[in-house]
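Colleague: Quick one: sequence and predicted model below, then my questions.
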Amino acid sequence: MPVTIKTETDIAHMRVACKFASEVLDFIEPHIRTGISTGELDRMINDYMVNVQGTVSATLGYQPPGYPPYPKSCCISLNDVICHGVPDDDKFLKDGDILNIDITVITPAGYFGDTSRMFIVGEGSIAAKRLCAVTYECMWLGIAQVKEGATLGDIGAAISAHANANGMSVVREYCGHGIGKVFHEEPQVLHYGVKGTGLKLKAGMIFTIEPMINAGKRDLRTMSDGWTVKTKDRSLSAQWEHTILVTPTGYEVLSLSDGYPPLPDFIKTTKC
Ligand code: MF3
Ligand code: CO
Ligand code: CO
């Protein structure tokens, strides 16, 4: 399957879908505190999608080839979990935890919006805060590369250069992806690479940029639930994700909402 170029109608629908996904994170943020379980957060998220937004979770029952059906409405990845952390009624947040909440909604029109953020419970260690901040910068440095004529390698190179300069490592087994009326479609957006190589970007492409950055080594292991992915060395891992539209002159970040955290200093605009 070639990479699809979205129509104006598709783009309008994707703006709506991605804003819904971001608004789920705005909704859940004040509930993230010591003592709440990740299972409880997942239930609140599902209720909000279904009863407030009129969206549905894209992850509930999702089953790519070789995987068991995903049992929950979002992914909540705590501390050394890299991605696909499965919400659990017996997993309670404690002071100093870092967590990624990854939300993918499907709108009634059938479009997917995908975004994730890091949260810190309480104050957090200096190392944890630094990992979350560097990973946030990595995502935005990748986004800043996006424009017609740039390449996927430009994105990956910008992300990995910043992670490595900070002594952190980039996970290679998972990547960003095209998205639209399908959850995961081409292209694969690697978070490492060589400038000037790979697919040339064209206006109308929509894909995610979602770097997973480890404080330690990049190696990982998958747990027996078939989903949860952890760092092999038990170091902390962080991830941020946006869904991006390629425009003739740059990019439009689709997964923003009123509660989105401040942009890094080097980002002037979310649409150019
Ligand atoms: N939202 C994830 C992504 O960014 C995919 C999660 S699939 C799940 O692509 F089944 F683990 F939820
Ligand atoms: Co996601
Ligand atoms: Co994604």
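Modeller: Sure, I can see it. Ligands and ions are numbered 1, 2, ... in the order given.
Colleague: Tell me the confidence at the residue found closest to residue 53 once you drop the neighbours it is linked to in the chain?
Modeller: Here the nearest residue to residue 53 in space, its sequence neighbours aside, is residue 20; by CB to CB, 6 or more residues apart in numbering that works out to 5.4 Å. Any C-beta I mention is one placed from the backbone N, CA and C, and that applies to glycine too. Looking at residue 20, its pLDDT stands at 99.
Colleague: quick one: contacts for residue 20?
Modeller: With contacts defined as CB atoms under 8 Å, 6 or more residues apart in numbering, residue 20 is in contact with 49, 53, 55, 105, 107, 113.
Colleague: Now for the residue of the stretch 1-150 of the chain found nearest ligand 3, how many residues are close by?
Modeller: Closest contact between the stretch 1-150 of the chain and ligand 3, by CB to the ion, is at residue 114 (4.2 Å). Using other CB atoms under 10 Å, residue 114 has 26 neighbouring residues.
Colleague: Name the residue closest to the centre of this protein, please.
Modeller: residue 241 (2.6 Å; CA atoms, centre = their mean).
Colleague: separation between it and ligand 3?
Modeller: 5 Å (CB to the ion, to the nearest Å).
Colleague: Identify the residue spatially nearest to that residue, adjacent ones excluded.
Modeller: residue 210 (3.5 Å).
Colleague: Kindly report the same for residue 145.
Modeller: Closest to residue 145 by CB to CB, 6+ apart is residue 154, at 4.3 Å.
Colleague: which parts of the strand or helix carrying that neighbour are buried?
Modeller: Taking DSSP states H and E as the criterion, residue 154 maps to helix 152-165. Within helix 152-165, the residues scored as buried using 16 or more other CB atoms under 10 Å are 152, 153, 154, 155, 156, 157, 158, 159, 160, 162, 163.
Colleague: do stretch 83-92 as well
Modeller: 83, 84, 85, 86, 87, 88, 91.
Colleague: Confirm for me that the second one is in contact with residue 78.
Modeller: No - in this structure, residue 84 is not within contact of residue 78 by CB atoms under 8 Å, at 11.7 Å.
Colleague: Just give me the neighbour total for the residue nearest to residue 241.
Modeller: Counted with other CB under 10 Å, residue 210 comes out at 24.
Colleague: I'd like the distance between it and ligand 2.
Modeller: According to CB to the ion, residue 210 and ligand 2 sit 6 Å apart.
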